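# have a look at this prediction, sequence included:
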Amino acid sequence: MRPATSKATTGKEKRKKGGGGEQLLTDQVSSLRARLQDALALGLTKSDGCGSKKWQTTDAGIQSHALKAAAAFLGCLSNDMLRLPHIKESISDILIALEGILQSKNVSVLIQATDASFKSRSSF
């Protein structure tokens, strides 16, 4: 006979309550989202007093870092997670960053941005 197992949280999962009920986010998703926000903060700025954001930096290193963080974040999302408001906000920020980065003249950054665009499209 098998011993009874406990369904206690092992530290790898966190239960977060949202408007649509209780949702499960892993530590990995939370960590990747924090990394994404830090990376996007290097290039996203509020372009006017209304709070609209715009990608401002042309630094290839920052653009590359933001794209890698976006790709990692998008790669770990499930369909259920796409409905969460803070995930939607992060995706919106990624799309704003992609809009600015795709105007770059740096070929290696453009290749990364194209890959991230395809990854974001397949996530939705």
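Now that the structure is in, tell me what you want to look at. This structure is a prediction, so every number in the text was calculated from the model and none was measured.
# Ala39: what's it in contact with?
Contact analysis of Ala39 by CB atoms under 8 Å, 6 or more residues apart in numbering lists 62, 65-66, 68-70. (C-beta placed from N, C-alpha, C; glycine too.)
# sorry, slip of the keys, the one I care about is Asp93.
Here Asp93 is in contact with 36-37, 40, 44, 53 (CB under 8 Å, 6+ apart).
# quick one, helices of this structure?
27-41, 60-75, 85-101, 107-123 (DSSP state H).
# which stretches of the chain have low pLDDT?
The model of the chain has pLDDT under 70 over residues 1-25, 48-49, 119-124.
# repeat that with 90
Counting by pLDDT under 90, the chain contains low-confidence ranges at 1-28, 45-52, 75-83, 102, 104-106, 108, 111-124.
# just to revisit the earlier point, most packed of the helices of the chain?
helix 60-75 (a mean of 20; mean count of other CB atoms under 10 Å).
# chain center to it, what's the gap?
Mean-position distance between helix 60-75 and its chain equals 9 Å (CA atoms, centre = their mean, to the nearest Å).
# and what of stretch 55-72?
On the basis of CA atoms, centre = their mean, stretch 55-72 sits 12 Å off its chain's mean C-alpha point.
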